[in-house]
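In: Got a predicted structure plus its sequence, pasted below:
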Amino acid sequence: MLTRKIDRALEAMAACQERVPALREIYRADSPEGVALSGLLEAVERAQKVLGREAAAK
């Protein structure tokens, strides 16, 4: 059960990375929305790196 939850969360992060750039194109880079979306993508990337290191260590 835990594996399914983890898999769904990882899939959601991958979908975010795939879809958010299209949404980000709607807003200026320096607008609050653009900054927030860029921050979201950066946070997803950081999380994936940390999770990848944890998985590699196991």
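Out: That came in fine, so what should we check first?
In: From now on I want contacts and neighbour counts done on CA atoms only, so please keep to that.
Out: Noted.
In: would you list every one of the strands in the chain?
Out: Taking DSSP state E, the chain contains no strands at all.
In: which helix is the longest one in it?
Out: helix 32-57 (DSSP state H).
In: what's the closest non-adjacent residue to the residue most central in space within the chain?
Out: The centroid of the chain falls nearest to residue 44 when counting by C-alpha atoms, centre = their mean (2.8 Å). Nearest non-adjacent residue to residue 44, counting by C-alpha to C-alpha, 6 or more residues apart in numbering: residue 13, 6.2 Å away.
In: picking that back up, for the residue nearest to the centre of the chain, give me its contacts.
Out: Contacts for residue 44 (C-alpha atoms under 8 Å, 6 or more residues apart in numbering) come out as 13, 16-17.
In: can you redo these as JSON lines with distance to residue 28 and pLDDT?
Out: As requested, the contacts of residue 44 are exported to JSON lines (distance: C-alpha to C-alpha, whole Å; pLDDT from 0 to 100):
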{"residue": "13", "distance to residue 28": "23", "pLDDT": "93"}
{"residue": "16", "distance to residue 28": "19", "pLDDT": "94"}
{"residue": "17", "distance to residue 28": "18", "pLDDT": "94"}
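In: Buried among those? Need that as a selection in ChimeraX.
Out: Buried members of the contacts of residue 44, defined by 16 or more other C-alpha atoms under 10 Å, are picked up in ChimeraX with:
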select :13,17
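In: which ones among the contacts of residue 44 are found in helices?
Out: Counting by DSSP H, the part of the contacts of residue 44 found in helices is 13, 16-17.
In: and which of the residues you listed is nearest residue 6?
Out: Closest approach between these and residue 6, by C-alpha to C-alpha: residue 13, at 10.7 Å.
In: For this structure, which residues score under the pLDDT cut-off?
Out: Along the chain, segments meeting pLDDT under 70 span 1, 55-58.
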